[in-house]
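Peer 1: how would this look folded up:
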Amino acid sequence: MPVSTRSKGKAGKRGAKTTRDSARASRSRISSKKKAKEPFTAAERCAKRLARQSRAERYARDNRDLTLGEQVLRNPLSRDLSIQELNPFKLSELQSVLGLREFYKLLPDVDLKECYFEGAWGVRKDEFVLANWREMTVWAIQRNVRLAHPEIGGRDVYPPGKVDVNKLKNKTKEEIVRAFWELTYVPAEVYETAVGGVHVLRSVKAGKVGQEVRGYLWLACLAGLDLPVIRGLAEKCGKDDIDEAARWAAWGGHTDVLDLLASEFGAWIGEYCLFSAADWGHDAMIDHLVEEYGVDPNEASGGVATALHEAAWSGRVRTVKHLVEKHNVDIHKRTRSGDTALDSAERHGGTVCGDYLRELTYTQLLAGEYRGDIDVKFLVSAARRGDDAMIDLVVEKYGVDPNGVDPNGVEGWTALHYAAKYDHVRTVKHLVEKHNVDIHKRDRWGRTALDVAEMTECAAVLRGLMSARPPPS
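Peer 2: The predicted structure is shown next:
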């Protein structure tokens, strides 16, 4: 039987090396080269093993009390893939995050809400409009659902398969919430953006955009859809609509869309875009606007409020710190109504933003590093917040008159009026007993602090203080 040439080579040499032998020898040579280049002693091996063991134990300890969803978001693979950095306003990236919940069953609703939206993106609890649906009326649930859907051409847009909430008039709370369960764990504006983005894609594909092109363009820019889709819509819009579309792109944090509108359609890029980016905490967009387009981070949008005011009002702590620490914004700059960013945080943005800005304000005032004048505006702002320490600082260190009148207010209120109006009992007592303010001083309309206190706890306190301090004859 004839032998093939390949068989001859192997059969003719009894001691010939096989392919497996060659591979083993090759690996041995590579290993010896590595050893020659990087000496690896037993002590080094032991140290590396202990380091790996320490990291594993620390990771296990940190995750001992975490749910599965929290572990998914915190484990090294998730961090390497930047799951926490995926932009919820970009439709394709939101779909990736929701895929962990829908397809892989790794993210329960509560973890998606608390770890991704609240933890990674700083979403406030009140932005989940159906999270507390059990305490809400049917009318309130229907209203919140209706407001969470985008509107184009005067009509609300609903996702495929969803029923118009206005048609669920005789349904119970449970039935309505079951139909819109996503709003219990997804922020309303993220939900609205996703619904709008899907509607735009379906309408463009079907050729049913109609006359309301600008509405489709704005929703496409907010959802960060593909650039050819946005380009096709923008070509049918005017200059004012293009400028507004740039603001929506900044609101969604999409630098590629913003650059397209600016370079191809001449969109105006200014403080309005910066203000919108701060609203949802898009730090990368803020950097892009400041560094690439030269937008002033201290400029007030429409002359009313700055990006820092908006970030503080929205409770975006990470963005507040980013604006202050990287872009050195003025934390004492005031809105047209006289509010600082600290006032905005205290009124709406939450305690974390307020704590950060308050500590920073104290530090600058104590060190004498404040850039502007320190006057009654500081005092009335502190009284409005019930901040006794700030009151002491501006009165004792900077000599501000505790009976001074708010220069930005139309009522002519003093710090005591504000403290009484906002029911800060401790601050009312503090101003009267420590700083000896005039408890009988009247505003422009002849009202005392007791008059503006109305039916609050402060009213009873003020009556007692006034009886002990009769007006001068």
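Peer 1: can you pull out the helices in the stretch 351-473 of the chain?
Peer 2: For the stretch 351-473 of the chain, the helices defined by DSSP state H, counting those that start in this stretch occupy 351-366, 376-385, 388-392, 415-421, 425-433, 449-453, 457-468.
Peer 1: can I get the ones you listed in a markdown table including mean neighbour count and distance to residue 86?
Peer 2: For the C-beta atoms, the positions are set from N, CA and C on the backbone; glycine is no exception. Output for those, formatted as a markdown table (neighbours: other Cβ atoms under 10 Å; distance: least, Cβ to Cβ, whole Å):
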| stretch | mean neighbour count | distance to residue 86 |
| --- | --- | --- |
| helix 351-366 | 17 | 23 |
| helix 376-385 | 25 | 36 |
| helix 388-392 | 18 | 39 |
| helix 415-421 | 28 | 43 |
| helix 425-433 | 20 | 44 |
| helix 449-453 | 23 | 48 |
| helix 457-468 | 16 | 46 |
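Peer 1: any chance of these in a markdown table, with mean pLDDT and distance to residue 251 too?
Peer 2: Formatted as a markdown table, the helices of the stretch 351-473 of the chain follow (pLDDT from 0 to 100; distance: least, Cβ to Cβ, whole Å):
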| stretch | mean pLDDT | distance to residue 251 |
| --- | --- | --- |
| helix 351-366 | 82 | 19 |
| helix 376-385 | 85 | 28 |
| helix 388-392 | 90 | 33 |
| helix 415-421 | 91 | 33 |
| helix 425-433 | 92 | 37 |
| helix 449-453 | 86 | 38 |
| helix 457-468 | 80 | 40 |
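Peer 1: residue 177 and residue 130 touch, don't they?
Peer 2: Yes - under the criterion of Cβ atoms under 8 Å, residue 177 makes contact with residue 130 at 5.8 Å.
Peer 1: which neighbours do those two have in common?
Peer 2: 141, 184 (Cβ atoms under 8 Å, 6 or more residues apart in numbering).
Peer 1: higher neighbour count, these two?
Peer 2: Each of residue 177 and residue 130 has its neighbours counted (other Cβ atoms under 10 Å); residue 130 has more, 24 against 18.
Peer 1: look up phi and psi at the more buried one.
Peer 2: For residue 130, the backbone dihedrals (degrees, to the nearest 10) come out as phi -120, psi 10.
Peer 1: report the spatially closest residue to it, excluding sequence-adjacent ones.
Peer 2: Of all residues not flanking residue 130 in the chain, residue 183 sits nearest, at 4.1 Å (Cβ to Cβ, 6 or more residues apart in numbering).
Peer 1: residue 191 is in contact with that neighbour, correct?
Peer 2: Yes - assessed by Cβ under 8 Å, residue 183 is found in contact with residue 191 at 6.0 Å.
Peer 1: shared neighbours of these two, anything?
Peer 2: Contact criterion Cβ under 8 Å, 6+ apart; residues shared by residue 183 and residue 191: residue 148.
Peer 1: in this protein, where is pLDDT below threshold?
Peer 2: Scanning the chain with the threshold set as pLDDT under 70 gives 1-84, 100-107, 349-351, 371-373, 455, 473.
Peer 1: what about 50?
Peer 2: In the prediction, the chain carries residues with pLDDT under 50 at positions 1-20, 23, 27, 30-40, 58-61, 63-64, 72, 76-81.
Peer 1: just the strands in it please.
Peer 2: Under the criterion DSSP state E, the chain carries strands at the ranges 151-152, 155-156.
Peer 1: which elements pack onto the last one?
Peer 2: Contact here means 3 or more Cβ pairs under 8 Å, 6 or more residues apart in numbering; DSSP states H and E; on that basis strand 155-156 packs against no helix or strand.
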